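Engineer: Build me a model:
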Amino acid sequence: MSFLLTLLIGIVAGVIDVLPMIKMKIDKYSIASAFVYYLIVPFVIFSIDWFANLWWLRGGVVSVLMAIPVIILVAKEDKKSPIAMTVMSIILGSIIGVVGHFLNLM
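Structural biologist: Numbers count the residues shown, from 1 in each chain. As a prediction, this is how the structure comes out:
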């Protein structure tokens, strides 16, 4: 059950992230990459045992750390996107972490 719940959280986070990308007509590979990232990141967040007393911090930190390689790659071509990517990683990662905490997935 926790696998399916984690997968559902990843799907919801992925959809939240890609909807604005679809509206802005960003290429399909970037959209697919972002969706798969948020599909996978809840599994990592829920598996890592960092910040035991600061559980609310774990999701945002793990999400940003995992996004850094892609953010660096995107920064080469586009100077505005890395800021948006970092902010979305913090926000969605934090939401994933909080939801996982309250659903006892961590």
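Engineer: Could you verify my assumption that Ile22 touches Ser30?
Structural biologist: No - applying CB atoms under 8 Å as the test, Ile22 and Ser30 come out as separate, 10.4 Å apart. Where you see a C-beta, it was placed from the backbone N, CA and C, and this is true even at glycine.
Engineer: which one of these two has more residues nearby?
Structural biologist: With neighbours defined as other CB atoms under 10 Å, Ile22 and Ser30 compare such that Ser30 has more, 14 against 11.
Engineer: these two touch, right, the more buried one and Val18?
Structural biologist: No - here Ser30 lies out of contact with Val18, judged by CB under 8 Å, at a distance of 9.0 Å.
Engineer: what about the residue nearest to Met66 when sequence neighbours are not counted, which helix or strand?
Structural biologist: Spatial nearest neighbour of Met66, excluding adjacent residues (CB to CB, 6 or more residues apart in numbering): Val41 at 6.0 Å. Using DSSP states H and E, the element containing Val41 is helix 28-47.
Engineer: got it, and Pro82?
Structural biologist: Applying DSSP H and E, one finds Pro82 within helix 81-102.
Engineer: just checking, what packs against that helix?
Structural biologist: On a contact count with 3 or more CB pairs under 8 Å, 6 or more residues apart in numbering; DSSP states H and E, helix 81-102 meets helix 2-23, helix 28-47, helix 55-75.
Engineer: rewinding a little: who's in contact with the residue nearest to Met66?
Structural biologist: Gly10, Ala13, Val62, Ser63, Met66, Gly93, Ile96 (CB atoms under 8 Å, 6 or more residues apart in numbering).
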